[in-house]
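What follows is a predicted protein model with its sequence.
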Amino acid sequence: MRHGNKFNHLGRKAGHRAALLSSLAFALIKHKRINTTLAKAKALRVYVEPLITKSKDNTTHSRRTVFSYLGKKEAIIELFDVIGPKVADRPGGYTRIIKMGYRRGDAAAMAMIELVDFNELMLNSKKKETEKTAKRTRRKSASKPADSAPVVVPPVVEEESKEEETKKEDE
């Protein structure tokens, strides 16, 4: 029974798990999207989101703290120079996990984990949706008083027949 175990140990000892999550975090930071098992993706989200939050303030202390987790200079440069400024206004939720089905060999649940602000397809579709909603007109409100009588417009057919009659008379 779990009884208060807060995180998934992924069937590994602490050192192996730390190395696995560090490697997955580096791959996610480098490629912006990776495919892995669902359990590893969920564990990676818990591991990498605080690091992305630390990358928002570009200080020596935060760089050293993140380096102690990742251990790769390229990851620190990418995280603080590219990812940090792009997510600066986002209050959290930097990653998205999308379930991809089951692996053929062992039927493990697979998932794709990606950085939210770096998915160009989703960003372009959101821009198109906002453009569509901006062009859409609002429905008219029922602000007319109930006492006013509706305005009756004469049919267009009668006007055309009058014009034809005047033409015939002129001839």
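Thanks, I have the structure now.

Please tell me how far the residue nearest the centre of the chain sits from Lys6.
Closest residue to the average C-alpha location of the chain: Val116 at 4.8 Å, with Cα atoms, centre = their mean. Val116 sits 24 Å away from Lys6, going by Cβ to Cβ, to the nearest Å. C-beta: built from backbone N, CA, C; applies to glycine.

Ok, Lys86 next?
Relative to Lys6, and taking Cβ to Cβ, Lys86 is found at 30 Å.

Give me the more crowded residue out of the two.
Lys86 (14 against 6; other Cβ atoms under 10 Å).

how about the more buried one, what does it touch?
By Cβ atoms under 8 Å, 6 or more residues apart in numbering, the residues touching Lys86 are 117-118.

number of nearby residues for Phe67?
Count around Phe67 with other Cβ under 10 Å applied: 14.

Likewise for Ser68?
9.

other SSEs contacting the helix or strand harbouring it?
For Ser68, the host element (DSSP states H and E) is helix 60-70. When contacts are defined as 3 or more Cβ pairs under 8 Å, 6 or more residues apart in numbering; DSSP states H and E, helix 60-70 packs onto helix 14-31, helix 38-54, helix 73-78.

just so I know, which of these lies nearest Lys99?
Nearest to Lys99, of all the helices and strands packed on helix 60-70, is helix 38-54, at 6.5 Å by Cβ to Cβ.

who touches that closest one?
Contacts for helix 38-54 (Cβ under 8 Å, 6+ apart): 7-8, 10, 20-21, 24-25, 28-29, 36, 62, 65-66, 69-70, 79, 83-84, 87, 92-95, 97, 99, 108-113.

redo that, cut-off 6 Å
With Cβ atoms under 6 Å, 6 or more residues apart in numbering as the contact definition, helix 38-54 has outside contacts at 8, 10, 21, 24-25, 62, 66, 69, 94-95, 97, 109, 111, 113.

With stretch 62-72 instead?
Against stretch 62-72 from outside (Cβ under 6 Å, 6+ apart): 22, 25-26, 51, 54, 76.

If you rank those by neighbours, which is first?
Busiest of the contacts of stretch 62-72 [other Cβ under 10 Å] is Ala25, holding 23 neighbours.

Read off the pLDDT value for that residue.
Confidence at Ala25, expressed as pLDDT, is 97.
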